[in-house]
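K.L.:
let's see this in three dimensions:
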Amino acid sequence: MPPLIDLDSAATSAPRMRASDADRLVTVEHLQDAVARGLLTPDEGSERMADAFAAVHLTDLDPLTEDLPPAPPACTAPGWRSLGTLAVEQVRASLTTAATGRLRAARVAVVLAVASLVLVLVGALGGAALSDSGDGGGGGGWHEHRDDHWDDDWDDD
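P.N.:
The predicted structure is shown next:
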């Protein structure tokens, strides 16, 4: 009796996987990026996006993006250390003179005065914001005590 399934043809005609909405959206976002980078014209991009939304199987999505280069890596923020270094260099450059490269006492005094004024203002505003909670900062002080028994001792005399 011959086998019911031909193993050679079964290996080559494996069932195709269906594409999910997430698969289609990933392909459409890749195509939108390609249009934004100028790799595709808007008309070609919209045709490919329509084909992506109409795709039924994953193998239908692959040809839509296979001729496009990968997206460039996203730039990350430099971080606090780099920003701090830049701030220090900016202050140093603004305090020194261009001709001699030395610090001038007047500039240092002005920068220190401005920095201390900023610190005082930030501290005052921060303190006011922390202490101004609407109830005097105490979370229900003595003036909000509603118990009338506290003054009974005064009337007993």
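K.L.:
got any ranges where the protein has weak pLDDT?
P.N.:
For the chain, residues meeting the criterion pLDDT under 70 lie at 1-13, 97-101, 103, 132-157.
K.L.:
please enumerate the strands of this structure.
P.N.:
Remark: no strands are assigned in the chain by DSSP state E.
K.L.:
please enumerate the helices of it.
P.N.:
With DSSP state H, the ranges of helices along the chain come out as 7-12, 21-36, 42-54, 58-65, 80-95, 105-131, 152-155.
K.L.:
packing partners for the third one?
P.N.:
Helix 42-54 is packed against helix 21-36, helix 58-65, with contacts defined by 3 or more CB pairs under 8 Å, 6 or more residues apart in numbering; DSSP states H and E. C-beta here means a position set from N, CA and C on the backbone, and glycine is covered the same way.
K.L.:
which residues are in contact with the first one?
P.N.:
Among residues not part of helix 21-36, those counted as contacts by CB atoms under 8 Å, 6 or more residues apart in numbering are 40-42, 45, 48-49, 52-53, 55, 58, 61, 64-65, 68, 71.
K.L.:
could you dump the helices and strands packed on helix 42-54 to JSON lines with distance to residue 96 and mean neighbour count?
P.N.:
Formatted as JSON lines, the helices and strands packed on helix 42-54 follow (distance: least, CB to CB, whole Å; neighbours: other CB atoms under 10 Å):
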{"stretch": "helix 21-36", "distance to residue 96": "44", "mean neighbour count": "16"}
{"stretch": "helix 58-65", "distance to residue 96": "53", "mean neighbour count": "16"}
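K.L.:
how about these in CSV, adding distance to residue 83?
P.N.:
Shown next, in CSV, are the helices and strands packed on helix 42-54 (distance: least, CB to CB, whole Å):
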stretch, distance to residue 83
helix 21-36, 29
helix 58-65, 37
